[in-house]
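[1] turn this into a structure:
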Amino acid sequence: MKAKKEVLKTGEKIAIREATLSDAQNLVDYYNQLFAETNNFTRGKEDAPLVLESEIAHLKSQQNSRNAMIIATLNNQIIGHAVINEKSSKAKLKHRCEFSIGVLKEHWGKGIAGKMMVEIIALASHMGFEQIDLVVLKSNERALKLYQSFGFEPTGTIMHSFKMEDGHYEDGVFMTKFLNIKGIKV
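    The predicted structure is shown next:
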């Protein structure tokens, strides 16, 4: 994917591009901040911080695979990410990928997630995936609205999918977007 320049609602200019090995330290810093400021991810502030070595290994594992990560940068700092990962290499599941996205809290509401959604969905389609799956907290109304605006449909609820730091449970909503499946209108 070629880097794209985008203008936000605020007039700020960002770049959206694929993550590379040279982004490893910036990704560690970004993820550690992201996971500390919101409970919307499976990883949280109660988990051990990410470290450079593990992020380098993760980025290397993405190479030559059916996985992809794009990042949004503002002034050369990572402020958002979107990831697709092949669900399985098994023949019956190769048509599906799993999806996640995040934006630093100070940049919410600027349209960054929507711009990354356009790119990651196009990338998933280009990679030959026919279906994108995700799980989102039922209480995360902002994300639910975003996903539905991009054609994701709720397909089920996973009871007590997330156990939060304070011990209470949150349900997860399983959502799917169909891309290139014959006979299914997208």
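[2] correct me if wrong, but Ile71 is in a strand.
    Yes - looking at Ile71 with DSSP: H, G, I helix; E, B strand; the rest coil, it is inside a strand.
[3] isn't it up against Tyr31?
    No - taking contacts as Cβ atoms under 8 Å, Ile71 lies outside contact range of Tyr31: 10.9 Å. C-betas here are computed from N, CA, C, even on glycine.
[4] those two: who's more crowded?
    Neighbours were tallied for Ile71 and for Tyr31 using other Cβ atoms under 10 Å; the higher tally belongs to Ile71 (23 against 18).
[5] give me every residue that touches the more buried one.
    Contact analysis of Ile71 by Cβ atoms under 8 Å, 6 or more residues apart in numbering lists 16-19, 23, 27, 30, 78, 80-81.
[6] between those, which is nearest Leu146?
    The shortest approach to Leu146 among the contacts of Ile71 belongs to Gly80, at 12.4 Å (Cβ to Cβ).
[7] assign the closest one to helix, strand or coil.
    Assigned with three-state DSSP, Gly80 falls in the strand class.
[8] and for it, the neighbour number?
    The tally of other residues near Gly80 (other Cβ under 10 Å) stands at 24.
[9] how close does it get to Thr155?
    26 Å (Cβ to Cβ, to the nearest Å).
[10] go on, Lys4?
    In terms of Cβ to Cβ, Lys4 sits 31 Å off from Thr155.
[11] how about Val51?
    35 Å.
[12] before we move on, what about Ala68?
    Distance from Ala68 to Thr155, by Cβ to Cβ: 23 Å.
[13] what sits against Ile121?
    Ile121 makes contact with 132, 150, 177, 179 under the criterion Cβ under 8 Å, 6+ apart.
[14] quick one: residues contacting the second one.
    So that's Phe150. With Cβ under 8 Å, 6+ apart, Phe150 has these contacts: 114, 117, 121, 177.
[15] from those, pick the one nearest Gln63.
    Nearest member of the contacts of Phe150 to Gln63, counting by Cβ to Cβ, is Ile121, at 21.6 Å.
[16] point out the other helices and strands that the strand or helix carrying Ala57 packs with.
    Assigning secondary structure by DSSP states H and E places Ala57 in helix 52-62. Here helix 52-62 touches helix 24-37, strand 68-74, going by 3 or more Cβ pairs under 8 Å, 6 or more residues apart in numbering; DSSP states H and E.
[17] I'd like the ones you listed laid out as a markdown table, including distance to Leu59.
    A markdown table is the format used below for those (distance: least, Cβ to Cβ, whole Å):
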| stretch | distance to Leu59 |
| --- | --- |
| helix 24-37 | 6 |
| strand 68-74 | 8 |
